[in-house]
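In: curious how this folds, go ahead:
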Amino acid sequence: MKAVLQRVGSASVTVDGQTIAGIGQGLLVLLGIAKGDTEQDIQYITEKSTNLRIFESENGKLDHSVKDIDGEILLVSQFTLCGDCKKGRRPDFGDAAPVEDARELYQKAIKAFEKTGIVTRQGQFQAYMQVQLTNDGPVTIILDSKNK
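Out: Predicted coordinates for the structure are as follows:
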């Protein structure tokens with residue numbers, strides 16, 4: 001499971017011209033679910049995402065987590081994170097989880113983030129989405145549960 005965390009001042013998701021979710025200050029989490037991913041991968045991504053100290057303290061150091069600042073999370077499923085670009089010019093998405101497996105794990109990931117007590121919004125699984133964000137910093141972190 002891969003996740004791209006972007007520290008944001010705000011972020012939103014639009015589907016078919018309708019804004020379906022939005023957050024203020026916090027994290028936009030783009031989540032790529034791969035074949036073989038399990039609930040253990042969800043636990044790793046959730047724990048890391050919610051506890052990483054990537055928000056500045058009063059002294060300008062990255063001392064606070066999204067929890068510490070009472071931030072929000074926007075969780076968006078993005079199978080293209082599982083793309084393999086080693087050969088040719090078109091990504092190979094063969095490592096992405098099958099749709100039904102990914103849908104189930106995405107729903108479990110939403111619940112896992114919500115259990116942390118952090119306000120969590122989500123994109124629409126398997127939809128064409130426009131994601132808007134105000135990147136703060138910019139601060140962008142890549143997590144891969146296979147590289148623990």
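In: so what touches stretch 15-27?
Out: 5-14, 49, 66, 69, 71-74, 118-119, 121-124, 127-130, 136 (CB atoms under 8 Å, 6 or more residues apart in numbering). (C-beta placed from N, C-alpha, C; glycine too.)
In: hang on, I meant stretch 49-65
Out: 3, 5, 7, 27, 29, 66-69, 71, 73, 113, 116, 118, 139, 141, 143.
In: where along this protein do the strands fall?
Out: For the chain, the strands defined by DSSP state E cover 2-15, 18-23, 26-32, 55-56, 62-64, 72-77, 120-122, 130-144.
In: the third one pairs with which strands, parallel or anti?
Out: Its sheet considered, strand 26-32 pairs with strand 2-15 (antiparallel), strand 72-77 (parallel) by DSSP bridges.
In: what's the most buried one of the ones you listed?
Out: Most buried of these, by mean neighbour count (mean count of other CB atoms under 10 Å): strand 72-77, with a mean of 24.
In: re earlier: reformat the strands of the chain as a markdown table; add distance to Pro91.
Out: Formatted as a markdown table, the strands of the chain follow (distance: least, CB to CB, whole Å):
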| stretch | distance to Pro91 |
| --- | --- |
| strand 2-15 | 13 |
| strand 18-23 | 26 |
| strand 26-32 | 12 |
| strand 55-56 | 32 |
| strand 62-64 | 32 |
| strand 72-77 | 17 |
| strand 120-122 | 24 |
| strand 130-144 | 16 |
